[in-house]
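Colleague: how would this look folded up:
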Amino acid sequence: MTGSPLHRRVLLAGGAAAVLAAAGFRTAAHAAPDDRTGGRRFTLTVLGTTDLHGNVFNWDYFADREYDDSGHNDVGLAKLSTLVKAVREERGAHRTLLVDAGDTIQGTPLAYYYAKVEPIGRRRVHPMAAAMNELGYDAAALGNHEFNYGIPLLRAFEKQLDFPLLAANAIDAATGRPAFRPYVVKTVWRTGAAPLRVGILGLTNPGIAIWDKAHVDGKMTFPGVLEQAREWVPKVRAAGADVVVVAAHSGADLSSSLGDLLPFPENCSALVAEEVPGIDAILVGHAHTEIAQRHVTNKATGRQVLLTEPLFWGKRLSLMEFDLAWTPGRGWRAEASRSQVLDSNTVPEDPVIVRRLRADHDKVVAYVNSKIGTCRSAMSAATARYEDTAALDFVNLVQGAALKATLTEALPVLSLASPFNKAAAIPAGDVSVRDVAGLYVFDNTLFGVRLTGAQLKDYLERSAGYFKAVTTPGPHQPDALTNAGGTPDYLYDVAAGLDAPLTYDIDLARPVGQRITGLAYDGVAVTPEQAFAVAVNNYRQSGGGNFPHIATAPVLHNQQLEIRQLIIDRVRERGEIDPAAFHRVDWRLVVDGAPVVVGG
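Modeller: Just a heads-up that it's a prediction; the model follows:
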């Protein structure tokens, strides 16, 4: 690995000021000069990233082209590196720190490749580690997705970093002590003044105990973010920190998808700022939203706590500024704070990152574009959230078949799958790894559980809450029907039978909880006591989304088989996908029994 970039000058066309201006940087009034009474003044800059999710380059591995979205955003650490170097050049490396708020090593085929295909180790450095070392991070909090590939791989990644991974609330189950470093205190020097010490406290998400139960159960526990902030912020202050920045992998606004599965909320960063004295700023993660600047008043001190969250995948870089004053007897104290976000689509990728990691990237591109079979007719997930599609039927077919092969008792097999990616499509003709990866974008494993007919209906009722209420069959536009209350697509499941159809209607004229009608298996109404073997992913089985019954249902299968790999293996083994052989319309949206019309 190359050394830190802190001491290298940045060669940028037009200079750092021009680069930052293009990225949306707004110059703020800095602290006043030193006063005549012996006081000192200093402006500290803290840069923040979060939810990078394995994005090094501005590349869409699923589409095999540069990344683009409706907002024409760019992604990746190579872009962020250009911004970071420009800020350091403009402000001075001795005045600047760089922090991340988690979810780093999962989320792209590149991240998957170096976890599963060619796992990192002593001789193979993770591209995210190499890139983050090149950027010169000072610390990073752990995100929940850091645990997706298991603790051994996370530890291997940790060893490859030139900076600490922080998580005060990831507790070793055997010792009761933090399993990772809780905080770090960085000393920022200024000629002619007392050293400024900045404490960075890392807090991860308590949902890890649910979402990655298979990896962490019996090994680590994850107490609440608020509770651990109360314990650790005073310790960071006692360690000499003049300024405390919390990197919290927990969204700003109080909410949770965990229901009563845990006593701690999933998202609570603003509450932490309000309740825990001694915090100057929180770099927020996990929620995948953008907060350029937000101030929260701490109840105990009345001081303003700064919150910021840059947009995920490296689309934005948060820039926090703290105006600090030092006086004899009081030391350093923050007098004002502010933040903004810089847009990575305004700058080129850092050629140092590109040159260093191009070979890793090219290897993944070759892997995801490798042919694994053919498909007789195209399958698209574009409409999967509101109509029965061959694409989701295929996922359910693979999951159901894998479950059936392991059952020791004769039960009718069902499967549950979500429309993860509206852009997913399996083309007619050659099928590649990236086609399948686009269809199943998460690194989930397969579970099989036993559900009764009554429990199945409850589950489907919860899923049907994804739809908005309408009173006429339409026509309706898709967005007028889906994502009720902001429910994401991954919290909506479609059910299908393996050897016989499972059929049902979702009546959108009925209240939530009473929408599933005509539920039948093989043409016969499902009875409350009827038993089924149900294939489901580990996220859902562990309680993700707080669906009823699924987390407490008897487990019939848990062999840690990755669902995406099961799909790839089936295509390879069969050689050809024939949608006509398995696609059938088993469910539909209705209003008072009349089919809902979507579109024109």
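Colleague: what sits against the closest residue in space to residue 188 that isn't next to it in sequence?
Modeller: In this structure, residue 188 finds its nearest non-sequential neighbour in residue 196, 4.4 Å apart by C-beta to C-beta, 6 or more residues apart in numbering. In this view, the C-beta of every residue, glycine as well, is placed from N, C-alpha and C. Counting by C-beta atoms under 8 Å, 6 or more residues apart in numbering, residue 196 makes contact with 42, 44, 187, 188, 189, 190, 242, 243, 324, 326, 332.
Colleague: same thing but 6 Å
Modeller: Listed by C-beta atoms under 6 Å, 6 or more residues apart in numbering, the contact set of residue 196 reads 188, 242, 332.
Colleague: which ones are touching the last one?
Modeller: Taking C-beta under 6 Å, 6+ apart as the contact definition, residue 332 lies against 196, 242, 324, 326.
Colleague: that one should be in a strand, yeah?
Modeller: Yes. Assigned with DSSP: H, G, I helix; E, B strand; the rest coil, residue 332 falls within a strand.
Colleague: bridging across strands, which residues link to it?
Modeller: Applying DSSP bridges to residue 332 yields these beta-bridge partners: residue 326.
Colleague: how much space between it and residue 514?
Modeller: Residue 332 is 60 Å from residue 514, where distance means C-beta to C-beta, to the nearest Å.
Colleague: kindly report the same for residue 331.
Modeller: Residue 331 is 63 Å from residue 514, by C-beta to C-beta.
Colleague: pick out whichever of these two has more residues nearby.
Modeller: Remark: of residue 331 and residue 514, residue 331 carries more neighbours, 14 against 10, as counted by other C-beta atoms under 10 Å.
Colleague: check which residues of the helix-or-strand element of the chain with minimal mean pLDDT are buried.
Modeller: Counting by mean pLDDT, DSSP states H and E, the weakest-scoring helix or strand in the chain turns out to be helix 15-22, with a mean of 78. Judged by neighbour count (16 or more other C-beta atoms under 10 Å), helix 15-22 contains these buried residues: 16, 19, 20, 22.
Colleague: so what does it touch, helix or strand wise?
Modeller: If you count contacts as 3 or more C-beta pairs under 6 Å, 6 or more residues apart in numbering; DSSP states H and E, helix 15-22 packs onto helix 77-91.
Colleague: 10 Å - rerun?
Modeller: Applying 3 or more C-beta pairs under 10 Å, 6 or more residues apart in numbering; DSSP states H and E, one finds that helix 15-22 contacts helix 77-91, strand 331-343.
Colleague: now do it and helix 77-91, the angle between them.
Modeller: 120 degrees (axes from the mean of the first three to the mean of the last three C-alpha atoms, to 10 degrees).
Colleague: ok and helix 15-22 relative to strand 331-343, angle-wise?
Modeller: Calculated by the same axes, to 10 degrees, helix 15-22 forms an angle of 70 degrees with strand 331-343.
Colleague: paired strands for the helix or strand following helix 15-22, with orientation please.
Modeller: Next in sequence after helix 15-22, counting helices and strands by DSSP states H and E, comes strand 40-49. Paired neighbours of strand 40-49 in the sheet (DSSP bridges): strand 96-100 (parallel), strand 316-327 (antiparallel).
Colleague: what about the stretch 201-350 of the chain, any weak spots by pLDDT?
Modeller: For the stretch 201-350 of the chain, not a single residue meets the criterion pLDDT under 70.
Colleague: do the same with the chain
Modeller: In the chain (pLDDT under 70), the answer is 1-14, 28-39, 190-192, 600.
Colleague: how far is whatever helix or strand residue 209 lives in from where the chain is centred?
Modeller: Here residue 209, judged by DSSP H and E, is contained in helix 208-211. With C-alpha atoms, centre = their mean, to the nearest Å as the basis, helix 208-211 stands 13 Å off its chain's centre.
Colleague: start at 38, not 1
Modeller: Got it, first residue is 38 now, which makes that one helix 245-248.
Colleague: using PDB, write out the CA atom coordinates for that helix.
Modeller: The C-alpha trace of helix 245-248 is given here as PDB (Å, rounded to 0.1, in the frame of the first residue of the first chain):
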ATOM      1  CA  ILE A 245     -27.000  -6.100  13.300                       C
ATOM      2  CA  ALA A 246     -28.200  -8.500  16.000                       C
ATOM      3  CA  ILE A 247     -31.200  -9.200  13.900                       C
ATOM      4  CA  TRP A 248     -30.100  -8.700  10.300                       C
END
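Colleague: give me the next element, helix or strand, following it.
Modeller: helix 250-253.
Colleague: mind giving me the packing neighbours of that next one?
Modeller: For helix 250-253, the packing partners by 3+ C-beta pairs under 10 Å, 6+ apart are helix 188-196, helix 245-248, helix 575-578.
Colleague: out of the ones you listed, which is closest to residue 563?
Modeller: Nearest of the helices and strands packed on helix 250-253 to residue 563, taken as C-beta to C-beta: helix 575-578 at 19.9 Å.
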